[in-house]
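Let me see the structure of the following:
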Amino acid sequence: MARKASLIEDEIGDVLEKAIRQRQWTTVDLAAATGICRQRLQDAMDYRSDLRRDEVLKIAEVLRLNEVGLCALNAGCYPLPPPSRLPFEVHVLPMCHGVGQVNAYIVTHAANKGTGLLFDTGPSLAALLEVWPPDVTSIDAVFLTHVEGEHMGGLCDVVDYFGIKTARIPAVAKAPCGVAMNEGELFHWNGIEVRALTTPGHAAAHSCYLIRTENTDDPALLIAGDLIFAGSAGGAFYDASLQQAHLKRILALCREDTVIAPGHGPLTTVKNERQFNPFVV
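Now for the predicted structure:
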């Protein structure tokens, strides 16, 4: 793989903030439910965590989070799986976004590594081209996980630059240069199948894309957008219950050896996130 984002997207404070929001609580509510001083909880959410293991376990119990993964995040050692072998090449394109990174991805076929499929377009064409792999010279199709500036800011410029008529976007999404892909809709390309999976929750219109070959023994790739990250999940800004329901649905649908390519942070696997992700219980 050409490039790989190295740092996980969320620390324990980010996970606590998202989990509290899902419950429609405040730190006052969490302090009352756990018996932990509100200031200690606030410190953790402000990236100054000195929570003890017994306190993290209590928080996990109250917020219904995976205690193993939450403890690992608190210790700064969330586990990541070893690199996986896929039947096609995946280029990870990490771009700066605020204090973190946002990822786009190119999938190329072993028989023709110069042409690929692009998933998300980053904040701008200029940002995308700064991390573009020089051996990929053309793109046959563009897919968007969701319509947010850091994931599709360069959409129309990218479509024009590569001479593509339209991009595939989530059902009910509104974006220029886009045509919707509905749940289960397939795109076939050089023996590779791209399946759209509708996953609203983080946003009203959000999709993941499951990529696999005709050989059912081959592992698949899940372009996850902001549904799930290594050690966390996207913020449930549209609907928390939908976000959690689709997170469970997609992880149940995919085989354990499926590689997850998230919108932020490093690659991971379904097996790893089933075992450790705080939001997977």
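
which stretches of the chain have low pLDDT?
Confidence mapping of the chain against pLDDT under 70 gives the ranges 1-6.

which stretches of it form helices?
12-22, 27-34, 38-45, 53-63, 67-74, 125-130, 149-152, 155-162, 240-253, 270-276 (DSSP state H).

by contact count, what packs against the shortest one?
For helix 149-152, the elements it packs on are strand 100-109, judged by 3 or more CB pairs under 8 Å, 6 or more residues apart in numbering; DSSP states H and E. Placement of C-beta: from N, CA and C, glycine included.

Extract the C-alpha trace of the strand it packs on and format it as PDB.
Extracted C-alpha coordinates of strand 100-109, given in PDB (Å, rounded to 0.1, in the frame of the first residue of the first chain):
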ATOM      1  CA  GLY A 100      -6.000  15.700  12.200                       C
ATOM      2  CA  GLN A 101      -6.200  14.000   8.900                       C
ATOM      3  CA  VAL A 102      -8.900  12.900   6.400                       C
ATOM      4  CA  ASN A 103      -8.400  10.000   4.100                       C
ATOM      5  CA  ALA A 104      -9.300   9.400   0.400                       C
ATOM      6  CA  TYR A 105      -8.600   6.000  -1.200                       C
ATOM      7  CA  ILE A 106      -7.600   4.700  -4.700                       C
ATOM      8  CA  VAL A 107      -8.200   1.100  -5.600                       C
ATOM      9  CA  THR A 108      -6.200  -0.200  -8.500                       C
ATOM     10  CA  HIS A 109      -6.300  -3.600 -10.300                       C
END
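
contact partners of it?
5, 7, 9, 88-96, 114-123, 128, 133, 136, 139, 150-151, 189-192, 211, 221, 223, 261-265 (CB atoms under 8 Å, 6 or more residues apart in numbering).

just the buried members of these?
For the contacts of strand 100-109, a burial check counting by 16 or more other CB atoms under 10 Å picks out 5, 9, 88-95, 115-123, 128, 133, 136, 139, 150-151, 192, 211, 221, 223, 261-265.

Turn the helices of the chain into a markdown table, including distance to Ala196.
Converted to a markdown table, the helices of the chain look like this (distance: least, CB to CB, whole Å):
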| stretch | distance to Ala196 |
| --- | --- |
| helix 12-22 | 25 |
| helix 27-34 | 37 |
| helix 38-45 | 35 |
| helix 53-63 | 31 |
| helix 67-74 | 28 |
| helix 125-130 | 22 |
| helix 149-152 | 16 |
| helix 155-162 | 17 |
| helix 240-253 | 12 |
| helix 270-276 | 18 |
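
what about these, which gets the closest to Pro83?
helix 270-276 (12.1 Å; CB to CB).

What are the boundaries of the strands in the stretch 101-250 of the chain?
Under the criterion DSSP state E, counting those that start in this stretch, the stretch 101-250 of the chain contains strands at 112-119, 138-143, 167-170, 178-181, 186-189, 192-198, 207-213, 221-225, 228-229, 232-233.

returning to that earlier point: show me the one of the helices of the chain that comes nearest Thr198.
Per CB to CB, nearest to Thr198 of the helices of the chain: helix 240-253, 8.0 Å.
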